[in-house]
Structure formats: structure tokens, C-alpha cells
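A.B. asks: Sequence and predicted structure below; questions after.
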Amino acid sequence: MPTIVVDVMPKAELLDPQGKAVAGALDRLGISGFSSVRIGKRFELVVDGEVDDAVLATAREIADEVLSNSVIENVVGIEVVE
């Protein structure tokens, strides 16, 4: 069955305390080469049947209205995986 993957990230202008904590942990572990870390969310919507334009439009609506908080987050990707 096809799956629609929705990726949501905090807006760039907002602090990301989880990402900052991970960045600090990488530094303490001696891992270098990464200037920052941002933590987001991934949602997988399994589709019953074919993915057509109507299903994708519904997924976009769900992403914007249910899966993300438009005040603090952006939907950064919607992808169909088989």
C-alpha cells in the first residue's frame, strides 16, 4: 500500500531546545563537523488504494490543519512512497 510521508519542522526563527541539546551532546562526544541540529516530526499516512490528486490534496490539508501548528511549524515535505 502506498504511504504519504509528511515532514514538519519548527520555524527557522524559533528556538529548538531539543536540537540544541543534541548538538551539545555531539560536541561532548567529540563529533565535529555539524554546526547545528534541528528536530522535526515525520508522519506516515497509509493510503487505502491509489494516490491521486484528490488524495494528495487531502493529505496537504491534513498536514496544514492537523499535523502541524502553523504558528510555530512549517510543513517542509509531502512525499509518496510505495
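C.D. replies: Sure, I can see it. Residues are numbered from 1 along each chain as shown.

A.B. asks: going forward, measure contacts between C-alpha atoms and count neighbours the same way
C.D. replies: OK.

A.B. asks: Assign the residue of the chain positioned farthest from its centre to helix, strand or coil.
C.D. replies: Of all residues in the chain, Gly30 has its C-alpha farthest from the mean position, at 27.4 Å, by CA atoms, centre = their mean. Secondary structure for Gly30, judged by DSSP: H, G, I helix; E, B strand; the rest coil, is coil.

A.B. asks: Could you give me the buried positions within stretch 2-17?
C.D. replies: Within stretch 2-17, the residues scored as buried using 16 or more other CA atoms under 10 Å are Thr3, Ile4, Val5, Val6, Asp7, Val8, Met9, Pro10, Lys11, Asp16.

A.B. asks: Tabulate the residues you listed (a markdown table), appending secondary structure, pLDDT and distance to Asn69.
C.D. replies: Shown next, in a markdown table, are those (DSSP: H, G, I helix; E, B strand; the rest coil; pLDDT from 0 to 100; distance: CA to CA, whole Å):
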| residue | secondary structure | pLDDT | distance to Asn69 |
| --- | --- | --- | --- |
| Thr3 | strand | 97 | 22 |
| Ile4 | strand | 98 | 19 |
| Val5 | strand | 98 | 17 |
| Val6 | strand | 98 | 13 |
| Asp7 | strand | 98 | 13 |
| Val8 | strand | 98 | 9 |
| Met9 | strand | 98 | 10 |
| Pro10 | strand | 96 | 9 |
| Lys11 | coil | 96 | 10 |
| Asp16 | coil | 95 | 15 |
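
A.B. asks: Closest one to Val81 out of these, please.
C.D. replies: Thr3 (5.3 Å; CA to CA).

A.B. asks: Give me the nearest residue to that closest one, chain neighbours excluded.
C.D. replies: Val46 (4.4 Å; CA to CA, 6 or more residues apart in numbering).

A.B. asks: For the chain, just list every one of the helices.
C.D. replies: 17-28, 53-62 (DSSP state H).

A.B. asks: who touches the longest one?
C.D. replies: When you say that, I think you mean helix 17-28. Outside of helix 17-28, the residues within contact range by CA atoms under 8 Å, 6 or more residues apart in numbering are Ser32, Phe34, Ser35, Ser36, Val37, Arg38, Ile39.

A.B. asks: wait, isn't Gly40 in contact with Met9?
C.D. replies: Yes: under the criterion of CA atoms under 8 Å, Gly40 makes contact with Met9 at 4.4 Å.
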